[in-house]
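Peer 1: based on what follows, work out the 3D shape:
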Amino acid sequence: MSKIVINILRFIILAAIQVFLLKNIVFYGLNMPYLYILFILLLPFETPNWLLFFLAFLMGLTIDLFNDTFGLHAAACTILAFVRVVFISVTVQKDNYDSDPEPSLGIMGFRWFFFYALILSLFHHFFLLNLEVFRFSEISSTLSRVILSSLFTLTLIFISEILFFRKKQRK
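Peer 2: Reported below is the predicted structural model:
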């Protein structure tokens, strides 16, 4: 299958899982998993920045439409796309690849993918939950929600990556 079809299916499946299943999973009002960010995390390295920002905004807007959150997810996903560009430009030497791989567990290895997913999910959750609360008086509870939601999201990201794990060779 072509990469475009795979990414369209990934967009639809992750948005549907987030909207219809994970939206209702909240533990003690503290954490909620945001698995839909996996779509942005797994876009190929060679995705042009304008397309990356557009797709991140579109994914966030899709989640916003179903959650009635008025652009919170769209803003957080756009920030996530920016942090992704910076993180990849700092940590990945793209000259070593013959084709345009995606930053997945099977291609990049556990350690790189763990830090990649951890840092990007922390940024996403920090901005999303701070935009949601928008009060400095709530910073301690917001930070605890960021950490718990990030850990829950990371757990789901690694479960999904292990389920669809394909070992590929880096060049």
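Peer 1: low-scoring stretches of this protein, by residue?
Peer 2: Counting by pLDDT under 70, the ranges of the chain that qualify are 1, 29-30, 94-100, 165-171.
Peer 1: quick one: furthest residue from the center of it?
Peer 2: Of all residues in the chain, Ser137 has its C-alpha farthest from the mean position, at 27.5 Å, by CA atoms, centre = their mean.
Peer 1: state the distance from that residue to Thr69.
Peer 2: Ser137 sits 21 Å away from Thr69, taking CB to CB, to the nearest Å as the criterion. Placement of C-beta: from N, CA and C, glycine included.
Peer 1: thinking again about what came up before, name the SS class of the residue farthest from the centre of the chain, please.
Peer 2: Judged by DSSP: H, G, I helix; E, B strand; the rest coil, the three-state class of Ser137 is helix.
Peer 1: ok, it - contacts?
Peer 2: Residues counted as contacts of Ser137 (CB atoms under 8 Å, 6 or more residues apart in numbering): none.
Peer 1: state the distance from the most centrally placed residue in the chain to Glu138.
Peer 2: In the chain, the C-alpha closest to the average C-alpha coordinate belongs to Ile37, at a distance of 2.3 Å (CA atoms, centre = their mean). As for Ile37, its distance to Glu138 is 23 Å (criterion: CB to CB).
Peer 1: follow-up on the earlier one: which helix or strand contains the closest residue to the residue nearest to the centre of the chain other than its chain neighbours?
Peer 2: Distance criterion CB to CB, 6 or more residues apart in numbering; nearest residue to Ile37, sequence neighbours excluded, is His124 at 5.4 Å. For His124, the element it lies in under DSSP states H and E is helix 110-133.
Peer 1: return the distance of that helix from the chain's centre.
Peer 2: Its chain's C-alpha centre and that of helix 110-133 lie 8 Å apart, by CA atoms, centre = their mean, to the nearest Å.
Peer 1: need the next SSE after that helix, C-terminal direction.
Peer 2: Immediately after helix 110-133, counting by DSSP H and E, sits helix 139-163.
Peer 1: and the contacts of that following helix?
Peer 2: Applying CB under 8 Å, 6+ apart, the set of residues contacting helix 139-163 is 22, 27, 30-35, 37-38, 41, 104-106, 113-114, 117-118, 121-122, 125-126, 129-130, 133.
Peer 1: could you give me the PyMOL selection string for whichever of the residues you listed are buried?
Peer 2: In PyMOL syntax, the buried subset of these is picked out as below (16 or more other CB atoms under 10 Å):
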select buried, resi 22+31+32+33+34+35+37+38+41+104+105+106+113+117+121+122+125+126+129+130
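Peer 1: look up phi and psi at Ser104.
Peer 2: For Ser104, the backbone dihedrals (degrees, to the nearest 10) come out as phi -110, psi 170.
Peer 1: I am finished for the moment; much appreciated.
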